[in-house]
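>>> Task: produce atomic coordinates for the following.
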Amino acid sequence: MMLGVAFRDCAAGVLIHYRTGGDVTGARRLHAKTKVQLAVLRDLLFADDCALVAHTLADAQILFDRFNNAARRFGLTVSLKKTELKPCASHIRHIRPRQPVASITVGSNGSVVKLCYLGSFLSNTISADSDITSRLAKACSAFGKLQRRLWGVHDVSLKTKIAVYRAVLLTTLLYGCETWTLYRRSIRRLHQFHLRCLSRTARVKWQDKIPITDAMNICCITSIEAFLLKA
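Numbers count the residues shown, from 1 in each chain. Okay, the predicted model is just below:
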């Protein structure tokens, strides 16, 4: 689990200091100086995609030119229509307000603030809020589609409903959570949605005058933070 990172300029790349271990929301460990490791990131490969990282536009241009030239030697071409430029908060300070962000010849007409890749949203603020909001919306949609056919059906046992909830709702809600940098407010949003779904599944209403947290005991399921720690 990566808890904190610190970026520095490097020759056409990113020099990153990081440390592992600790609590999922250990914000104080972000500035710790012990147990720190060093790595240089220049490219991130995902099947047939490649993400080039750099601190300045000039370094990004160098990386792209080298990657494009190497691809041509093997008879490969870069899809310029699918190539995007996304400035991040860690190096936005290097870009002037009036400087054309699309000065890198990658076939893009401009920079993007939020990029969806493999179902996950990457924000220019390096925050997981956009991705969590998207996950909540998709999980809410999936829960609503099963309301009449599963959650509201009396003939289906609660054990079966919880099994479907784990297989469908939790996988949709926590997709890509291994890469999230979480804060307490984010966990609170996910946990509140988790409790609402469980209370509707177990038919726990406010008229029953019992705590909503008892829905987890009725459904024999743990909190959302436990699933995040396991992931």
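
>>> what does stretch 136-151 rub up against?
Stretch 136-151 has contacts (C-beta atoms under 8 Å, 6 or more residues apart in numbering) with 156, 161, 164, 168-169, 172-173, 189-190, 193, 197, 200-201. C-beta here means a position set from N, CA and C on the backbone, and glycine is covered the same way.

>>> residues near Thr83, how many?
17 (other C-beta atoms under 10 Å).

>>> Just the pLDDT at it, thanks.
Thr83 carries a pLDDT value of 78.

>>> Report the separation between it and Ala60.
As for Thr83, its distance to Ala60 is 12 Å (criterion: C-beta to C-beta, to the nearest Å).

>>> for Gln147, same thing?
Taking C-beta to C-beta, one finds Gln147 at 47 Å from Ala60.

>>> So for these two, which sits in the more crowded spot?
Each of Gln147 and Ala60 has its neighbours counted (other C-beta under 10 Å); Ala60 has more, 20 against 11.

>>> I'd guessed that one sits against Asp43; true?
No - with contact defined as C-beta atoms under 8 Å, Ala60 does not count as touching Asp43 (11.2 Å).

>>> what do the two both touch?
With C-beta under 8 Å, 6+ apart as the test, Ala60 and Asp43 both reach Leu52.

>>> can you map out the strands along the chain?
2-10, 13-20, 37-41, 43-46, 49-52, 114-117, 120-123 (DSSP state E).

>>> And the average pLDDT for the third one is what?
Confidence for strand 37-41, expressed as mean pLDDT, is 73.

>>> and what of the fifth one?
Taken as a whole, strand 49-52 has an average pLDDT of 79.

>>> Name the residues that touch it?
Arg42, Asp43, Leu44, Leu45, Ala60, Leu63, Phe64, Phe67, Tyr117.

>>> Can you list the strands that that strand pairs with?
strand 43-46 (antiparallel) (DSSP bridges).

>>> got it, and the last one?
Based on DSSP bridges, the pairing partners of strand 120-123 within the sheet are strand 114-117 (antiparallel).

>>> Where does pLDDT dip in the chain?
Along the chain, segments meeting pLDDT under 70 span 1-36, 42, 88-115, 123-126, 206-210, 212.

>>> can I see the domain layout of it?
2-112, 129-230 (automatic domain parsing).

>>> Any idea how far apart the tips of the last one sit?
Taking C-alpha to C-alpha, to the nearest Å, domain 129-230 runs 20 Å from one end to the other.

>>> need the helices for this structure, in chain order.
With DSSP state H as the criterion, the chain has helices at 57-73, 129-145, 158-164, 171-173, 184-201, 214-219, 224-230.

>>> Turn these into CSV, including distance to Gly152.
Compiled in CSV, the helices of the chain are given as follows (distance: least, C-beta to C-beta, whole Å):
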stretch, distance to Gly152
helix 57-73, 52
helix 129-145, 11
helix 158-164, 10
helix 171-173, 19
helix 184-201, 9
helix 214-219, 16
helix 224-230, 23
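
>>> Pull the number of nearby residues for Arg66.
14.

>>> could you turn stretch 174-191 into PDB, dropping everything but the C-alphas?
What follows is stretch 174-191, C-alpha atoms only, in PDB (Å, rounded to 0.1, in the frame of the first residue of the first chain):
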ATOM      1  CA  LEU A 174     -14.700  -0.700  -5.100                       C
ATOM      2  CA  TYR A 175     -13.400  -1.200  -8.600                       C
ATOM      3  CA  GLY A 176      -9.800   0.200  -8.700                       C
ATOM      4  CA  CYS A 177      -9.800   1.100  -5.000                       C
ATOM      5  CA  GLU A 178      -6.300  -0.300  -4.600                       C
ATOM      6  CA  THR A 179      -5.000   2.800  -6.300                       C
ATOM      7  CA  TRP A 180      -7.100   5.300  -4.300                       C
ATOM      8  CA  THR A 181      -5.500   7.800  -1.900                       C
ATOM      9  CA  LEU A 182      -8.200   7.800   0.700                       C
ATOM     10  CA  TYR A 183      -9.100  10.300   3.400                       C
ATOM     11  CA  ARG A 184     -11.700   9.900   6.100                       C
ATOM     12  CA  ARG A 185     -14.300  11.900   4.200                       C
ATOM     13  CA  SER A 186     -14.000   9.500   1.200                       C
ATOM     14  CA  ILE A 187     -14.400   6.400   3.400                       C
ATOM     15  CA  ARG A 188     -17.400   8.100   5.100                       C
ATOM     16  CA  ARG A 189     -19.100   8.500   1.700                       C
ATOM     17  CA  LEU A 190     -18.600   4.900   0.800                       C
ATOM     18  CA  HIS A 191     -19.600   3.600   4.200                       C
END
